[in-house]
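> Give me the fold of what follows.
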Amino acid sequence: MSSADNLAKLDAIEAALNKRWPENKIEPTLERISALVDALGSPQLSYPTIHLAGTNGKTTTARMIDQLLANLGYRVGRYTSPHLESFTERISIKGEPITAAQMITTYDDIALYLDLIDSRQPHPISYFEALTAMAFVAFAEFPVDIAVIEAGLGGEWDATNVVASQVSVMTPIGFDHMEYLGNTLTEIAQTKSGIFKPESNVVLAAQSSEVAKVLMAQVAKVSAIPFREGVEFSVKKRSLAVGGQLISLKGIYGEVDDIYLPLYGDHQANNAAVALAAVEAFAGVKIDEELVKDAFSKIKSPGRCEIVYKDPTVIIDAAHNPHGASAIAKTINSEFDFEMVIGVVAVLADKDVAGILAELSTCVDYLIATQNNSSRAMAADELAKIAASYFKPEQIEVITDLNGAITYALEKATLSNQVSEGVLSVLITGSVVTAGSARSILRRLGANK
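I've put the predicted structure just below:
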């Protein structure tokens with residue numbers, strides 16, 4: 001099959017998946033995914049797994065775990081969501097997105113089973129359930145030694161929670177998806193802690209005291225072994241470095257100093273500590289220091305404080321809730337020396353938009369309210385109305401088209417930097433959809449990384 005044929009087939013697969021129940025909509029049951037994987041022969045049980053849940057930092061931490069395991073010599077499968085530009089990004093084998101040919105083979109393998117389960121259930125298999133099953137099958141068919149699986153939404157009822165993980169990882173928990181997970185942090189934590197498996201290892205990022213109590217209660221309930229950030233492992237120290245930071249970590253079984261991490265923000269240092277602890281918990285021994293340093297030096301995290309343009313500096317960040325917005329605002333304020341930041345912001349209407357804007361107002365000086373191409377996108381005018389509570393009228397501009405908003409921001413920053421000594425930058429944020437679209441737009445504009 002030619003590459004053109006493959007691309008056409010991929011488009012057809014994506015279109016078929018998109019007709020299914022969207023992934024932002026869930027039903028609190030594992031019945032459909034359980035029936036599907038049972039029919040497929042439970043491929044998710046044919047390899048060991050590390051399972052991640054939490055509110056923010058899951059995808060980056062999963063990438064770090066993947067690289068550490070790869071450096072240990074494992075062939076790693078990684079399943080993350082959502083994607084930035086192509087749905088094939090979600091299923092990674094040996095550090096690369098699944099190939100078009102592999103994706104087509106995998107879909108063809110499960111298509112009849114999807115139809116079978118659809119015919120037997122009150123509701124058909126959802127988009128996320130179908131892709132999760134495809135990941136499980138791909139990791140068995142193009143065999144991996146271990147799979148790193150990121151939960152999509154929540155934990156207990158998430159489609160990924162049919163794995164029998166040796167290690168469960170909980171990244172920081174904050175407010176998001178309250179319509180499904182609960183309106184308090186304790187309720188959200190209870191749902192997410194449903195990924196903890198009996199007598200397994202559980203790695204916990206630093207949490208608020210109320211969340212920590214819920215998580216530790218669940219650890220005790222399933223007789224798991226906990227490893228807690230700030231107790232069994234931690235970030236010893238960090239300092240800024242060109243292109244990222246230099247960190248020292250206290251792992252479960254030993255310390256590793258002078259690690260270069262090419263990512264910005266103290267939250268990324270914390271993610272690194274969690275990732276190292278997860279791999280140590282899986283291996284049961286200290287990991288060779290040089291291997292750890294080499295692994296972290298290779299880390300990339302697209303769409304997470306990603307500098308995609310240098311003159312002027314343009315940063316893309318997928319922050320889509322107040323917790324994520326707080327992290328990028330803190331990073332920009334503490335690790336960059338910009339005189340002014342233009343924010344190009346497009347959000348989804350079902351998010352805590354006011355909370356996101358409140359956090360962004362601490363680092364953004366001029367806001368361009370725009371919108372992305374999601375069916376859930378908030379209209380730019382509506383976004384601007386909410387922004388009026390956090391920005392002065394002269395700080396807000398409305399440009400409905402995301403391409404136009406980015407182009408205008410680039411022109412404004414470039415002109416300002418040509419006539420003044422200050423450094424003006426652009427931050428594009430508000431949603432994973434926004435981040436993915438921005439990467440494509442800037443690539444077409446000829447981004448100079």
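
> List the contacts of the nearest residue to residue 194 once chain neighbours are set aside.
Spatially, and ignoring its direct neighbours in sequence, residue 194 is nearest to residue 156 (2.5 Å; Cβ to Cβ, 6 or more residues apart in numbering). (Each C-beta comes from the backbone N, C-alpha and C, glycine too.) The contact partners of residue 156, by Cβ atoms under 8 Å, 6 or more residues apart in numbering, come to 28, 191-195.

> can I get these in a markdown table with neighbour count, pLDDT and secondary structure?
A markdown table is the format used below for these (neighbours: other Cβ atoms under 10 Å; pLDDT from 0 to 100; DSSP: H, G, I helix; E, B strand; the rest coil):
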| residue | neighbour count | pLDDT | secondary structure |
| --- | --- | --- | --- |
| 28 | 10 | 83 | coil |
| 191 | 22 | 93 | helix |
| 192 | 27 | 95 | helix |
| 193 | 25 | 97 | helix |
| 194 | 19 | 96 | helix |
| 195 | 26 | 98 | helix |
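
> what about the helices in the stretch 1-150 of the chain?
Counting by DSSP state H, counting those that start in this stretch, the stretch 1-150 of the chain has these helices, from start to end: 3-18, 31-39, 58-71, 100-120, 127-141.

> Need those in a markdown table (columns: mean neighbour count, distance to residue 430 and mean pLDDT).
Below are these laid out as a markdown table (neighbours: other Cβ atoms under 10 Å; distance: least, Cβ to Cβ, whole Å; pLDDT from 0 to 100):
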| stretch | mean neighbour count | distance to residue 430 | mean pLDDT |
| --- | --- | --- | --- |
| helix 3-18 | 13 | 22 | 92 |
| helix 31-39 | 19 | 30 | 97 |
| helix 58-71 | 25 | 17 | 98 |
| helix 100-120 | 17 | 29 | 96 |
| helix 127-141 | 25 | 22 | 98 |
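
> domains of the protein?
With automatic domain parsing as the criterion, the domains of the chain are listed as 3-232, 306-444.

> how about the ones you listed in TSV, adding distance to residue 282?
Shown next, in TSV, are the domains of the chain (distance: least, Cβ to Cβ, whole Å):
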stretch	distance to residue 282
domain 3-232	5
domain 306-444	26
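
> how about those domains, which one is nearest residue 264?
Closest approach to residue 264 among those (Cβ to Cβ): domain 306-444, 5.1 Å.

> and the gap between the residue most central in space within the chain and residue 312?
The structure's the chain has its C-alpha centroid closest to residue 59; by Cα atoms, centre = their mean the separation is 3.4 Å. Between residue 59 and residue 312 the computed distance is 27 Å (Cβ to Cβ, to the nearest Å).

> do the same with residue 104
Residue 104 sits 41 Å away from residue 312, going by Cβ to Cβ.

> list the contacts for residue 367?
342-343, 345, 357, 360, 384, 387, 391, 395-397.

> Please flag which of the residues you listed sit within strands.
Among those, the members found in strands (DSSP state E) are 342-343, 345, 396-397.

> In terms of distance to residue 135, which of these ranks first?
The closest of those to residue 135 turns out to be residue 345 (Cβ to Cβ; 31.5 Å).

> Next one: that closest one from residue 402, what distance?
Using Cβ to Cβ, residue 345 is found at 10 Å from residue 402.

> Residue 299 now?
From residue 299 across to residue 402, the span is 28 Å (Cβ to Cβ).

> follow-up on the earlier one: quick one: which of the domains of the chain is nearest residue 266?
In this view, those are compared for proximity to residue 266 by Cβ to Cβ, and domain 306-444 is the closest at 7.5 Å.

> Now the terminal residues of that closest one, how far apart.
End-to-end distance for domain 306-444: 17 Å, by Cα to Cα, to the nearest Å.

> still on that earlier bit, please tabulate the contacts of residue 156 in CSV and include distance to residue 144 as additional columns.
Listed next are the contacts of residue 156 as CSV, based on distance: Cβ to Cβ, whole Å:
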residue, distance to residue 144
28, 30
191, 28
192, 25
193, 26
194, 25
195, 20
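
> Can you flag the buried ones in the contacts of residue 367?
For those, a burial check counting by 16 or more other Cβ atoms under 10 Å picks out 342-343, 345, 357, 360, 384, 387, 391, 396-397.

> Now flag whichever of those is closest to residue 257.
For these, the nearest to residue 257 is residue 360 (34.8 Å; Cβ to Cβ).

> With residue 134 as the reference, measure out to the closest residue to the closest one other than its chain neighbours.
Counting by Cβ to Cβ, 6+ apart, residue 325 is the residue found nearest to residue 360 once chain neighbours are left out, at 5.3 Å. Using Cβ to Cβ, residue 325 is found at 32 Å from residue 134.
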